[in-house]
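S.K.: What follows is a predicted protein model with its sequence.
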Amino acid sequence: MNIRLRHNAIVRHLRRNGTSTIADIAAEVGASRRTVLRDISALRDEGFVIHSEPGPGGGLQLDPQSVQTTARLSVAEVFALLISVAAMRAAGNLPFSGLADAGLAKIEQALPSEKVRDLRRFLDCLYVGQLAPQVDISNMGDMDSKLLPAFETAFLGRLHLRFQYRDAKGVITNRHVEPQAMLILPPLWYLVAWDPARKDFRHFRMDRISQPKYVEGVTFRRRYVPFDDEVTPIRDLPPRHF
C-alpha cells in the first residue's frame, strides 16, 4: 500500500472506530508501528486533528470535525476539475459558478509552485467551443479513466501517444500521434493531434480512445493548431485561475 492510500486508510479507520491504538492501525494498514507514527505526524501536518490519550483504554482519536487542509491532488486530478468547470461554463450550464471559482482559487493557493507551473502548461493545450447541431451524439460512450493521466505525461513531456481508436463505424485501429491540444465541444471531448503517418492534424473523440500509452523518450515539437474562430483557449475565459 503506498503512502497516500495508507493515509486514507488510517483516516477511515479512525473515523469508523472512534478510538484506536497504534497496534490496531498498524494491523489494519499492514505497516510497522514506526511507519504508522510517521503517518500520524504527516496527517497532523496536513490539518487533521488527532488526539492521543495515554494509559489503559486510551489511544488515538480523530476530531470528527477535522478535515484535511493541505491539498494532495495530482496535476491530472486538478486538471479534471478545471476542465469540468470549463466544459460546464462553455455549455452555459454552471449554476454555481461563483462557488466553483472560489474553490478553484483555494486549490491554487494550496498547491506547490511546481504543480501550478505544470497546470498552466497543461491548460495552454485546452480549448473550448460549441458543438455543431448536426453532429450525432446518440452513440456517445464513456471516456477511459486512464486518458487524463496518460495525457498529462504526454502533453507536459511532449511525448508521443499510442492508443486504439474506434471510428463511427466501429472499426478499431492503432494510432501513434503527437498530442497537440484538447478540445471540448460539450458534450464531446476531442484529442487534437498531429498524425505523422498522414502528415496532418486529426481530431479523435475521446470516448472512442482506449488503452492510451505515452511513448518514453519519443518527443515532438509543439505545432500551431488551426481552430475555427468560435473556438477559444481556456485561458481567455474568465475567471483566470492558474
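M.R.: Yep, that arrived.
S.K.: Can you pull the domain assignment for this structure?
M.R.: Following automatic domain parsing, one finds the domains of the chain at 3-62, 75-236.
S.K.: wait, Q211 sits on Q164?
M.R.: Yes: in this structure, Q211 is within contact of Q164 by CB atoms under 8 Å, at 5.0 Å. The C-beta positions use only the backbone N, C-alpha and C, and glycine is treated the same way.
S.K.: sorry, back to before: using a markdown table, please lay out the domains of the chain together with mean pLDDT and mean neighbour count.
M.R.: Converted to a markdown table, these look like this (pLDDT from 0 to 100; neighbours: other CB atoms under 10 Å):
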| stretch | mean pLDDT | mean neighbour count |
| --- | --- | --- |
| domain 3-62 | 88 | 15 |
| domain 75-236 | 87 | 15 |
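S.K.: check which helix or strand covers the spatially most central residue of the chain.
M.R.: Nearest to the centroid of the C-alpha atoms of the chain, with distances taken as CA atoms, centre = their mean, sits E77, at 2.2 Å. Here E77 sits within helix 75-90, counting by DSSP states H and E.
S.K.: Distance from that helix to the middle of the chain?
M.R.: Remark: helix 75-90 is offset 8 Å from the chain centroid, using CA atoms, centre = their mean, to the nearest Å.
S.K.: Stretch 205-212 too?
M.R.: For stretch 205-212, the gap between its own C-alpha mean and the chain's C-alpha mean amounts to 16 Å (CA atoms, centre = their mean).
S.K.: Would you mind listing the outside residues contacting that stretch?
M.R.: Applying CB atoms under 8 Å, 6 or more residues apart in numbering, the set of residues contacting stretch 205-212 from outside is 140-144, 146-147, 150-151, 161-167, 188-191.
S.K.: Of the residues you listed, which belong to strands?
M.R.: Cross-referencing the contacts of stretch 205-212 against strands under DSSP state E gives L161, R162, F163, Q164, Y165, R166, L188, W189, Y190, L191.
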